[in-house]
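*Asks:* Need coordinates for the following:
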Amino acid sequence: MVYELVTLEDLEIPELSIEDTSVLPGVAATPDALKRLKARESLFALVKRFEAEGFSQSCKSEGKITPDSAKSATAFFNLLPLSAQIPKISPDGEGALIVAWEMREPKVILVIDDWRLHLVKNATTPQAEYLDDLAFDGEKIPDEVVKAIPTL
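*Replies:* Below you'll find the predicted structure:
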């Protein structure tokens, strides 16, 4: 058996910053995992922005979300499994946050209204199923919601 010596100059070492290597416990620091963590951070930033500035869909509406909706949404996204697809989010115009997974069928829509969740499975179809007033304590996503969220 013949071994070939490799010098340090022959190695290609990609540059990583310390913040890029911090991942959730038990999750490998793959490029996909890092990309998903950055996307989650974008959700947190948007929630803060929707609380502070809103998102106006008309000249008469600020489109802000309530402080409790912002806290609840932040807790929800923090608990969201990394295997979950990243949703689109938008204020509903009445203080709540709309969370939509539209990438694949079936479409799933969740409304985070303070500490209450309203779920629509199979949204925009005749088979739509509505689950209203699901309590959310910020520590555990209700099982009905976890099961409905599309994963990779």
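
*Asks:* buried sites along the longest helix along the chain?
*Replies:* In terms of residue count, the longest helix belonging to the chain (DSSP state H) is helix 31-52. Burial within helix 31-52, assessed by neighbour count using 16 or more other C-beta atoms under 10 Å, is assigned to 34, 36-37, 40, 43, 46-47, 50-51. (C-beta placed from N, C-alpha, C; glycine too.)

*Asks:* which pair in those spans the largest distance?
*Replies:* Leu34 and Glu51 (26.5 Å; C-beta to C-beta).

*Asks:* quick one: low-confidence parts of this protein?
*Replies:* Of all residues in the chain, those with pLDDT under 70 make up the ranges 1-27, 56-61, 104.

*Asks:* Where do the strands of it begin and end?
*Replies:* Assigned by DSSP state E, the strands in the chain fall at 88-91, 97-101, 108-113, 116-121, 129-135.

*Asks:* Go through the ones you listed and pick out the most buried.
*Replies:* Comparing the strands of the chain on average neighbours per residue, with mean count of other C-beta atoms under 10 Å, the densest one is strand 108-113 at a mean of 23.

*Asks:* partners of that one in the sheet?
*Replies:* Partner strands for strand 108-113, per DSSP bridges, with pairing direction: strand 97-101 (antiparallel), strand 116-121 (antiparallel).

*Asks:* Centre of the chain to the first one, how far?
*Replies:* This means strand 97-101. In this view, strand 97-101 has its centroid 9 Å away from the chain centroid, taken as C-alpha atoms, centre = their mean, to the nearest Å.

*Asks:* Give me the contacts around that strand.
*Replies:* Under the contact criterion C-beta atoms under 8 Å, 6 or more residues apart in numbering, strand 97-101 has outside partners 47, 50, 65, 69-70, 73, 76, 85, 87-92, 107-113, 123, 149-150.
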